[in-house]
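[1] below is the structure, and that's it, no one-letter string:
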């Protein structure tokens, strides 16, 4: 499964926020934002900080995309 943070980036656009604003508000590093931009996994703690800062739920900022390959 792949993680998608497209919902988060759309939420930031809707709230007229930049990624650096999110990093500062949530108390996370710009490196973490870069990892998320690349679609890499981050910790649940990071997701919790983002949700707390944006007053939203986890499913408002991310989703899992199933892989097309069969195992």
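    Perfect, I can see it now. Bear in mind the structure is a predicted one, so any value in this text is a computation, not a measurement. Numbers count the residues shown, from 1 in each chain.

[2] tell me where this structure has strands.
    For the chain, the strands defined by DSSP state E cover 2-4, 63-65.

[3] so which elements touch the last one?
    Applying 3 or more Cβ pairs under 8 Å, 6 or more residues apart in numbering; DSSP states H and E, one finds that strand 63-65 makes contact with strand 2-4. Just so you know, the C-beta spots here come from the backbone N, C-alpha and C atoms, and that holds for glycine as well.

[4] what's in contact with the strand it packs on?
    39-41, 62-67 (Cβ atoms under 8 Å, 6 or more residues apart in numbering).

[5] what do you get for stretch 19-31?
    Outside stretch 19-31, the residues touching it (Cβ under 8 Å, 6+ apart) are 12, 17, 32-33, 37, 46, 49-50, 52-54.

[6] wait, which of these is closest to residue 5?
    Nearest to residue 5 among those is residue 37, at 7.6 Å by Cβ to Cβ.

[7] for the top helix by length along the chain, packing partners?
    Secondary structure of the chain read by DSSP state H shows that its longest helix is helix 44-54. If you count contacts as 3+ Cβ pairs under 8 Å, 6+ apart, helix 44-54 packs onto helix 19-26.

[8] good, wrapping up.
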